[in-house]
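[1] what follows is a predicted structure for the sequence shown.
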Amino acid sequence: MATAFIAALGALRAHQGWLDVIGNNLANANTTGFKSSRAVFSELLSVTVRPATAPTSNLGGTNPLQKGIGTQLAAVDRSFEQGALNQTGRTFDLALQGQGFFSLTDGSTNFYTRVGTFGLDGSNNMVDLRTGLRVNDSTGATFQIDPNQVQAPRATSEIGFSGNLPAVVTGPVGEQLSMGTPLSAGSAAQMAGSVTGGFFIPNGETWTMELIVNNGAPKEVSIQGTGTPLTATDIATAINAQTDHVLASPGTGGEVVLASDLSGKASTIRVSPGSPGRDLKGLVGLADFVQGTESLATGATDLNDLTLNLSDYASGDLIQISATDADGSPVIASFVYGTDGTTVNDLVSFMNAQFSQSTAAFDAVSGQITLTADATGEGDLSLAISDGANQAGSAAWSQSFFSVTTDGAGPDMLTSSVEVFDVNGTSHILTFTYERQVDGTWDLSVSVPPSEGTVVQGTVSGITFNENGSILTPTSGQIELQFGALTSQIMNLDLGTSGLFEGLTQFGSDPDVIADFQDGYGSGELTNVQVLDNGIIEGFFSNGQTQQLGSFGVARFPNQSALEDLGEGLLRQTPNTGALVIGNGGQNGAAGVVGGALETSNVDTAVEFVHLIEAQRGFQANARVITVQDEILAEVVNVI
């Protein structure tokens, strides 16, 4: 009967131990970083009343007959489930999201915790504010942070560029004048009568016709008969006396021939008949309409064959040239027809010899005479052609007056600026100028205010681009500047990668080029810090730079449940934890670090209350076993 007492007593002890575990969990339901524990029971040894027997040929086998002698508290293990995170906003309040621990040390022993209440002590050591233990970094060493530290300046050594240089060329170009109307060569409108000789008009009768020459005003031509036959010469003389802009003459066969004094498409002769029975047009046999021919002039075209010719030039006639050269200097000259030449090319060659800063040319494709400044940029070109006074020949040069068809412009040019730093951390503004050359390439040059420094070498020449707009060559360059009495400073320029579009480009879009990167900075004071999710402490300085100031190491063990709890949220390594691994957070399975937060307890009070009821009932049941067993023993004693 003692077995029941022993089993019940062991169960009372086991359930009491479970109640202790539950009580501790509930007590730490609001403890930062606390990890709850659980009780694990196991059965004690059993007493074998009858062993098992094997089957025989006649009888079956029997199972062993055993009685258990109770239970025991076999283990109390810890649950490392993630606790909720409570945001505090304090920079060095840290929580771990995942598996791992912060590492602390007293100089001889390392401790581990999930409670990240850290800060600086009087010697700028990073410590646990609860215990004063120093914090280990990702290498396992303690570290300090100087809140008053100053970051040393760094001289600029690299400058990067990006943006677009325009593909559309607007310069450099020289100013150009062109004729308003192309030069054309052609023939005059000419009409020959179909009747030859013996033109008879009765005595006293007047025969008429109407002439419109070169689309001008109508002219009536009338001839009065004498009763004798008229010749072609008589008819031509009468026509010439009564009209202008047309020349009438007898033909070789005795017919009347009319010719306009113009040539080309503007040269026309239109004839309308007179009254019936007295029609001079029908008498002579003239057609209704005829027009001159016209085609684009060539360099070999004679000036007298130009459609703008009003009357043929004779040898010695003058064509006046009045102009200003590209710099505004006057040009006055006279082309002598027959002496200096007779063709368009002769006139152009004569003009070209008169200009020292410009070039005259005849464009056979457009039929225009052009005058182009030799130098690029704005110019003062002007040109006018006219005839000399009181001479036989003349032309309507005013119909082809010269005007500016291309404004002179300097090279396409863009500028951008960037702040750089010398070795002392003093800032300087560099201005970069991008200039398109005549061959279409670009030159990049740098300048600096004379009061700040001088440029020793500051040009990158011949920048070219692929057809798709990506940079071709060169993709880098180098400039050298000297600031004051300091040693000259070399800076490398990164223009992009050949065939790619991350640097300079040349598209048809608007220009937009900047120096978007430089690696220098001035001195700076520490203004703020933050802890990244890998545990690295990043400092922000007044010069806009960031710097790693230290790191919080995250420690892991193969068997973290074997860590020994020392109280105050501290754990210690035991022989069964396995090898320590410490490094940055978020790497190789380590927990990520959350700044400005603390991890709360992972105790689930609802679960613990259920376990509390189970432990209580278990304790009560085993206490009842003892009571019943005692009553049975009392009955046995009363038997005597």
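    It's in. Since the structure is predicted, the reported quantities are computational estimates derived from the model, not experimental observations.

[2] tell me which helix or strand the residue nearest to the spatial centre of the chain sits in.
    Taking CA atoms, centre = their mean as the criterion, Gly163 is the residue nearest the geometric centre of the chain, at 5.7 Å. Using DSSP states H and E, Gly163 sits in strand 158-164.

[3] what pLDDT does Gly569 get?
    The per-residue pLDDT reported for Gly569 equals 94.

[4] please verify my assumption that it contacts Thr113.
    Yes: applying CB atoms under 8 Å, one finds Gly569 in contact with Thr113, separated by 4.9 Å. In this view, the C-beta of every residue, glycine as well, is placed from N, C-alpha and C.

[5] where do the contact lists of the two overlap?
    Gly33 (CB atoms under 8 Å, 6 or more residues apart in numbering).

[6] now the lengthiest helix in the chain: buried residues?
    As assigned by DSSP state H, the longest helix anywhere in the chain is helix 605-638. For helix 605-638, the neighbour count (16 or more other CB atoms under 10 Å) marks Glu608, His611, Leu612, Ala615, Gly618, Phe619, Asn622, Val625, Ile626, Gln629 as buried.

[7] equivalent analysis for stretch 152-162, please.
    Quick answer for stretch 152-162 (16+ other CB under 10 Å): Pro153, Arg154, Ala155, Thr156, Ile159, Gly160, Phe161, Ser162.

[8] what about that stretch, how long is it end to end?
    Distance between the two ends of stretch 152-162: 28 Å, counting by CA to CA, to the nearest Å.

[9] from the chain's centre, how far out does that stretch sit?
    Put simply, stretch 152-162 sits 21 Å off its chain's centre (CA atoms, centre = their mean, to the nearest Å).

[10] could you pull up phi and psi at Ala217?
    With angles defined as degrees, to the nearest 10, Ala217 sits at phi -80, psi 150.

[11] that older thread, save the buried residues of stretch 152-162 as JSON lines, and put in pLDDT and distance to Pro147 too.
    Shown next, in JSON lines, are the buried residues of stretch 152-162 (pLDDT from 0 to 100; distance: CB to CB, whole Å):
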{"residue": "Pro153", "pLDDT": "96", "distance to Pro147": "20"}
{"residue": "Arg154", "pLDDT": "96", "distance to Pro147": "22"}
{"residue": "Ala155", "pLDDT": "97", "distance to Pro147": "27"}
{"residue": "Thr156", "pLDDT": "97", "distance to Pro147": "28"}
{"residue": "Ile159", "pLDDT": "98", "distance to Pro147": "33"}
{"residue": "Gly160", "pLDDT": "97", "distance to Pro147": "33"}
{"residue": "Phe161", "pLDDT": "97", "distance to Pro147": "38"}
{"residue": "Ser162", "pLDDT": "97", "distance to Pro147": "37"}
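
[12] distance to Ile145 added to the residues you listed, as JSON lines?
    Output for the buried residues of stretch 152-162, formatted as JSON lines (distance: CB to CB, whole Å):
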{"residue": "Pro153", "distance to Ile145": "21"}
{"residue": "Arg154", "distance to Ile145": "21"}
{"residue": "Ala155", "distance to Ile145": "27"}
{"residue": "Thr156", "distance to Ile145": "28"}
{"residue": "Ile159", "distance to Ile145": "33"}
{"residue": "Gly160", "distance to Ile145": "32"}
{"residue": "Phe161", "distance to Ile145": "37"}
{"residue": "Ser162", "distance to Ile145": "37"}
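
[13] which of those lies closest to Val639?
    Arg154 (102.0 Å; CB to CB).

[14] quick one: contacts for that closest one?
    Arg154 makes contacts with Phe421, Gly425, Asp519, Gly520, Tyr521, as judged by CB under 8 Å, 6+ apart.

[15] and of these, the nearest to Ile640?
    Tyr521 (103.3 Å).

[16] distance of that closest one relative to Phe432?
    Tyr521 is 20 Å from Phe432, where distance means CB to CB, to the nearest Å.

[17] what do you get for His611?
    Distance, His611 to Phe432, by CB to CB: 74 Å.

[18] torsion angles phi and psi at Ile272?
    You called it Ile, but residue 272 is Ser. Dihedral pair for Ser272: phi -120, psi 140, per degrees, to the nearest 10.

[19] and for it, the neighbour number?
    Using other CB atoms under 10 Å, Ser272 is surrounded by 15 other residues.

[20] so the closest residue to it other than its chain neighbours is in which element?
    Distances taken as CB to CB, 6 or more residues apart in numbering place Glu210 nearest to Ser272, at 4.0 Å, with adjacent residues excluded. Assigned by DSSP H and E, Glu210 belongs to strand 206-213.

[21] other SSEs contacting that strand?
    For strand 206-213, the packing partners by 3 or more CB pairs under 8 Å, 6 or more residues apart in numbering; DSSP states H and E come out as strand 219-224, strand 268-273, helix 280-284.

[22] give me the contact list for it.
    So strand 206-213 is contacted by 201, 218-225, 239, 243-246, 258, 260-261, 268-275, 278-281, 283-284, 286 (CB under 8 Å, 6+ apart).

[23] what pLDDT is listed against Met1?
    60.

[24] for Ala591, same thing?
    At Ala591, pLDDT is 96.

[25] next up, the contacts around it.
    By CB under 8 Å, 6+ apart, the neighbours of Ala591 are Leu96, Gln97, Gly98, Gln99, Gly100, Val554, Gly585.

[26] if we can go back for a sec, what's opposite the residue nearest to Ser272 in the beta bridge?
    On the basis of DSSP bridges, Glu210 is bridged to Glu220, Ser272.

[27] chain neighbours aside, what residue packs nearest to Thr376?
    Nearest non-adjacent residue to Thr376 (CB to CB, 6+ apart): Pro172, at 3.6 Å.

[28] neighbours of the one you found, how many?
    Neighbours around Pro172, by other CB under 10 Å: 18.

[29] could you do Val460 as well?
    20.

[30] could you pull up the residues touching it?
    Contacts of Val460 by CB under 8 Å, 6+ apart are Asp443, Leu444, Ser445, Pro474, Gly477, Ile479, Leu493, Leu495.

[31] which of these sits closest to Thr370?
    Asp443 (28.8 Å).

[32] the helix or strand containing that closest one pairs with which strands, parallel or anti?
    Using DSSP H and E, Asp443 maps to strand 442-447. If you go by DSSP bridges, strand 442-447 pairs up with strand 427-436 (antiparallel), strand 459-465 (antiparallel).

[33] ok so, going back, if I look at the residue nearest to Ser272, how far off is Thr243?
    Distance, Glu210 to Thr243, by CB to CB: 10 Å.

[34] Leu129 now?
    Distance, Leu129 to Thr243, by CB to CB: 120 Å.

[35] do Val284 as well
    Applying CB to CB, the value for Val284 to Thr243 is 14 Å.

[36] compare the two (neighbour count), which wins?
    With neighbours defined as other CB under 10 Å, Val284 and Thr243 compare such that Val284 has more, 28 against 19.

[37] what sits against that one?
    Taking CB under 8 Å, 6+ apart, one finds Gly193, Val195, Phe199, Met209, Ile235, Glu255, Val256 in contact with Val284.
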